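Engineer: Whatever this is, show me its structure:
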Amino acid sequence: MDDIVKEFLVESHEGLDRLDRDLVALEQRPRDRELLAGIFRCVHTVKGTCGFLGFSKLESVTHVGENLLSLLRDGKVELTPDITSALLRLVDAIRQILRCIEAEQNEGETDYDGLVRLLTRLAEAGGSAGETGAGAEPEAHEPAAHEPGAGATPIGLPVAPQGPARGADASVPPPGRAAAPAAPDAPGASEANIRVDVALLDKLMNLVGELVLARNQILQYSAGVDDSTLQATTQRLNLITTELQEGVMKTRMQPIGNIWGKFPRVVRDLAVACGKQVRVEMEGRETELDKTIIEAIKDPLTHIVRNSVDHGIESPQARVAAGKPAEGCLLLRAFHEGGQVNIEICDDGGGVNVERVKAKAVERGILSQDQAARLTDREAFQLVFAPGFSTAEKITNVSGRGVGMDVVRTNIEKIGGTVDLSSKPGEGTTLKIKIPLTLAIIPALVVTCAGDRYAIPQVSLLELVRLEGEEAQRGIETVYGAPVYRLRGNLLPLAYLGRELGVGAGDAGEVVNIVVLQADERQFGLVVDHINDTEEIVVKPLGKQLKGLSAFAGATIMGDGRVALILDVLGLAQRARIVGEVRDRARGETAGQSQQAGDARQTLLLFALGADRRLAIPLSIVSRLEEIPAAQVERAGGQEVVQYRGEIMPLVRLAAMLGAEATPRDPMQVVVYSDGTSSVGLVVDHIVDIVEETLAIQRSGGRGHVFGSAVIQQRVTDLLDVEGLVRGLITVEG
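Structural biologist: Below you'll find the predicted structure:
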């Protein structure tokens, strides 16, 4: 409430300063309807707000003033000098009460009944105070505006209470001095605040960003110069720039309560429409975020709140039957943690029905029946964010169209945030959002890959791991073709930055640098060539030509003036199939391994040949998946081979062997098959997916190294007899 009162004081003082000018101007232009309407709106605003805040004395004074202004606005009363003087006295009375509110948190002891009676008489008499008007008021109570000293003192204030004459009671202060509650040197709310255009703040923030870039360049230059004076000056510049940056960023910070304020009304209207009873509770509404972040999360939060009321909280009858209070509770919580802002939206409803979610996903073709059966509860919750997904039984103006939660995730991820949903049947649902404090200047880790530098936002960074010598050679293992590293007993999936960006092979060397990151609540390691240092970077948006690249979130200018791309950690994880695919590989460990067992569940690698042919092989016989540049292919004994991990590995182009039309690719996608003693590379057009299926195999009589076919992912897929193919190859070579 203190913040609301402070804002009210600032706005009211601004309005009163404008009223002084407008009333004097109105006396010169009494028929200026627009000017009169502006004066009325200002007084009306003060009256409405003070009534809401419980300032009854201020409300009563402004109410009679509003009545008089309403008559003037409607042309029922003509403006006279008496009315102008009375309205100016009204302005001074309002200003006096505001000073008391600001200094003493109350409206003061001054009585304004005389002013109220004056304004009422003017309204009733049509603008002339007459014999009982302003001039007839007792001199002791309301000195006229032309009296000496009145220019610096509220006109006609204060009105002494009924009782002895002014001189007879020392407790009654002289006119104009009763309500001097604030210390003379204490700045008022209006003096302590200033309104600044957002565009000006944005421009100032951009200039600070450029200053940070210049600071970084000077720091980098001075590090290589042996000059103590330059070093000291540089450090001083660094300190000042940092303090300036923090100060400017604070000017852009706003409490999240600014957007939460509208939710009680949203919840109330929606609850009435749905026949429910819901109350809203808020924790941490003073938590501050950058204005651009506030604007970005406004719509996603509205979607979530509406969904919580519509889908989450049950009807009063259902809640009572379940032993709950008839009134549901929607809790909004915000807090800072680890350089991020955490927002939680919790309801005490019935929770998410996992089986219903799976059934809807199958019905809408998002998953197959078999895939849905294998989903964990956490994975099923993520289906809520799929485009077009809704569990509503019918389409209404509230829900059912399947647009909302997918928009929530998309918009949150655009600003570098994450969304997660958890639920307990019968207890409720919690949706957690993690977002950065600001998007303009962020701390980042600078790494190098293939000679180019990249910045990784520090908010996604967990730790750094360096492997050297023999540990670098043996520390990285493969599980079903995916590289992993055992970090404190847990398998950490790895992605090679050079390989994902297409700028290098990414094979292990004498030293392996692993940046351990977190994306979508899953950890993975990003292998880079070198780890440089951490520094604050200024985020620059990508041009429209690069906006579609999921691996990059923006760009920045480094200390030497060169541009470095900022990596999108989640996009990299999805590109490397760490997020969404690693779970399938883990489940493959328990799958059946036999090619011939038609009824056994198997984990299969799917790949394509040509435009329309798909094949599958058991993942258990796959040693690695590689991309090999065509330039590395050699010939030995009439056979295409490559030098691979210290041996000569023959290549088999499956398209040519199976009579399919090949699609030339460089680098080639190669499935490495190993029987323990030697390896063979199977060249395919492209890898499609890794799936776990229960196959119903239709035998083919062993035609062309294909022993059968099955329907996988709703497409007919040939099952390749890899072992027979390799045996035939060895026989031919022998």
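Engineer: Now residue 218. Nearest residue, chain neighbours left out?
Structural biologist: Setting aside the residues directly before and after it, residue 218 is nearest to residue 234 in space (CB to CB, 6 or more residues apart in numbering), at 5.7 Å. For every residue, glycine as well, the C-beta is placed using N, CA and C.
Engineer: Secondary structure class of the one you found, three-state.
Structural biologist: Secondary structure, DSSP: H, G, I helix; E, B strand; the rest coil: residue 234 is helix.
Engineer: That one: neighbouring residues, count only.
Structural biologist: By the criterion of other CB atoms under 10 Å, residue 234 has 19 neighbours.
Engineer: thought it was touching residue 219?
Structural biologist: Yes - the pair residue 234 / residue 219 is scored as a contact, 6.1 Å apart, by CB atoms under 8 Å.
Engineer: ok, the closest residue to residue 30 other than its chain neighbours to residue 573 distance?
Structural biologist: Nearest non-adjacent residue to residue 30, counting by CB to CB, 6+ apart: residue 79, 4.1 Å away. From residue 79 across to residue 573, the span is 71 Å (CB to CB, to the nearest Å).
Engineer: how far is stretch 536-543 from where the chain is centred?
Structural biologist: In terms of CA atoms, centre = their mean, to the nearest Å, the centre of stretch 536-543 is found 17 Å from the chain centre.
Engineer: pLDDT on it, on average?
Structural biologist: Stretch 536-543 shows a mean pLDDT of 78.
Engineer: buried residues in the longest helix seen in the chain?
Structural biologist: In terms of residue count, the longest helix belonging to the chain (DSSP state H) is helix 2-28. Buried positions in helix 2-28, judged by neighbour count with 16 or more other CB atoms under 10 Å: 5, 8-13, 15-16, 19, 22-23, 26-27.
Engineer: just stretch 429-446 next, same as before
Structural biologist: Within stretch 429-446, judged by 16+ other CB under 10 Å, the buried ones are 429-442, 444-446.
Engineer: Narrow those residues to those in strands?
Structural biologist: 429-436, 441-442, 444-446 (DSSP state E).
Engineer: For my notes, please list the residues you listed in JSON lines and give pLDDT for each entry.
Structural biologist: What follows is these, written out as JSON lines (pLDDT from 0 to 100):
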{"residue": "429", "pLDDT": "91"}
{"residue": "430", "pLDDT": "92"}
{"residue": "431", "pLDDT": "91"}
{"residue": "432", "pLDDT": "90"}
{"residue": "433", "pLDDT": "90"}
{"residue": "434", "pLDDT": "86"}
{"residue": "435", "pLDDT": "85"}
{"residue": "436", "pLDDT": "79"}
{"residue": "441", "pLDDT": "77"}
{"residue": "442", "pLDDT": "81"}
{"residue": "444", "pLDDT": "89"}
{"residue": "445", "pLDDT": "92"}
{"residue": "446", "pLDDT": "93"}
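Engineer: Save those residues as CSV, and put in distance to residue 104 too.
Structural biologist: Formatted as CSV, these follow (distance: CB to CB, whole Å):
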residue, distance to residue 104
429, 47
430, 44
431, 44
432, 44
433, 42
434, 43
435, 41
436, 42
441, 42
442, 45
444, 50
445, 53
446, 55
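Engineer: Report the two of these separated the most.
Structural biologist: 429 and 446 (39.8 Å; CB to CB).
Engineer: Tell me which helix or strand in the protein has the weakest average pLDDT.
Structural biologist: One helix or strand of the chain scores below all others by mean pLDDT, DSSP states H and E: helix 582-587, with a mean of 37.
Engineer: any weak-confidence spans in the stretch 401-550 of the chain?
Structural biologist: Residues of the stretch 401-550 of the chain that meet the criterion pLDDT under 70 lie in 401-404, 439, 480, 505-509, 520-521, 544, 547-548.
Engineer: Going by residue numbers, what spans are helices in it?
Structural biologist: 405-414, 469-474, 497-501 (DSSP state H, counting those that start in this stretch).
Engineer: Same question for the stretch 201-350 of the chain.
Structural biologist: Under DSSP H, counting those that start in this stretch, the stretch 201-350 of the chain gives helices at 228-251, 257-260, 263-274, 291-307, 316-321.
Engineer: check contacts around residue 313.
Structural biologist: Residue 313 is in contact with 276, 278, 319, 328, 330, 347, 348, 349, 350, counting by CB atoms under 8 Å, 6 or more residues apart in numbering.
Engineer: Throw these into TSV and include pLDDT and neighbour count, thanks.
Structural biologist: Listed next are the contacts of residue 313 as TSV, based on pLDDT from 0 to 100; neighbours: other CB atoms under 10 Å:
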residue	pLDDT	neighbour count
276	91	21
278	91	24
319	92	20
328	92	25
330	93	25
347	93	26
348	92	21
349	90	26
350	88	22
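Engineer: Looking at the residues you listed, which are in strands?
Structural biologist: Counting by DSSP E, the part of the contacts of residue 313 found in strands is 278, 328, 330, 347.
Engineer: Quick one: the residues you listed as TSV, columns for distance to residue 709 too.
Structural biologist: Formatted as TSV, the ones in strands among the contacts of residue 313 follow (distance: CB to CB, whole Å):
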residue	distance to residue 709
278	55
328	53
330	53
347	49
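Engineer: which of the residues you listed lies closest to residue 493?
Structural biologist: Proximity of these to residue 493 (CB to CB) peaks at residue 347, which lies at 34.1 Å.
Engineer: how much space is there between the residue lying closest to that closest one once chain neighbours are set aside and residue 679?
Structural biologist: Sequence neighbours aside, residue 312 is the residue nearest to residue 347 in space, at 4.0 Å (criterion: CB to CB, 6+ apart). Computed as CB to CB, the residue 312 to residue 679 distance reads 54 Å.
Engineer: Residue 553 now?
Structural biologist: 38 Å.
Engineer: who has more neighbours, the two?
Structural biologist: residue 553 (25 against 18).
Engineer: Would you agree that one is in contact with residue 568?
Structural biologist: Yes - with contact defined as CB under 8 Å, residue 553 reaches residue 568; the gap is 4.0 Å.
Engineer: Give the buried residues for stretch 42-56.
Structural biologist: 42, 43, 44, 46, 47, 49, 50, 55.
Engineer: and residue 449, what does it touch?
Structural biologist: Residues in contact with residue 449 (CB under 8 Å, 6+ apart) are 497, 498, 501, 503, 504, 528, 529.
Engineer: now do residue 231
Structural biologist: Taking CB under 8 Å, 6+ apart as the definition, contacts of residue 231 comprise 222, 225.
Engineer: Now with 10 Å, please.
Structural biologist: 219, 222, 223, 225 (CB atoms under 10 Å, 6 or more residues apart in numbering).
Engineer: Tell me which residues touch the second one, please.
Structural biologist: To tie it back to what came earlier, the one meant is residue 222. Per CB under 10 Å, 6+ apart, neighbours of residue 222: 230, 231, 232, 233, 234, 235, 237, 238.
Engineer: List buried residues within those residues.
Structural biologist: With burial judged by 16+ other CB under 10 Å, the buried subset of the contacts of residue 222 is 234, 237, 238.
Engineer: Show me the beta-bridge partners of residue 447.
Structural biologist: residue 454, residue 531 (DSSP bridges).
Engineer: domains of this protein?
Structural biologist: What automatic domain parsing lists as the domains of the chain is 2-191, 198-252, 255-436, 441-575, 591-733.
Engineer: And those domains, which one averages the lowest pLDDT?
Structural biologist: Mean pLDDT is lowest for domain 2-191 among the domains of the chain, at a mean of 67.
Engineer: end to end, how far does stretch 554-574 reach?
Structural biologist: 17 Å (CA to CA, to the nearest Å).
Engineer: Find out how far it is from the centre of the chain, if you would.
Structural biologist: 19 Å.
Engineer: Flag every buried residue along it.
Structural biologist: By neighbour count with 16+ other CB under 10 Å, stretch 554-574 contains the buried residues 554-559, 564-574.
Engineer: same thing with stretch 203-211?
Structural biologist: 205, 208, 209, 211.
Engineer: got the contact list for it?
Structural biologist: Contacts for stretch 203-211 (CB under 10 Å, 6+ apart): 196-197, 237, 240-241, 244-249, 251-252, 290-292, 438, 440-441, 537-540, 556-557.
Engineer: Run the chain-centre distance for it.
Structural biologist: So, by CA atoms, centre = their mean, the centroid of stretch 203-211 is 22 Å from its chain's centroid.
Engineer: If anything else comes up later, I'll come back, but that's it for now.
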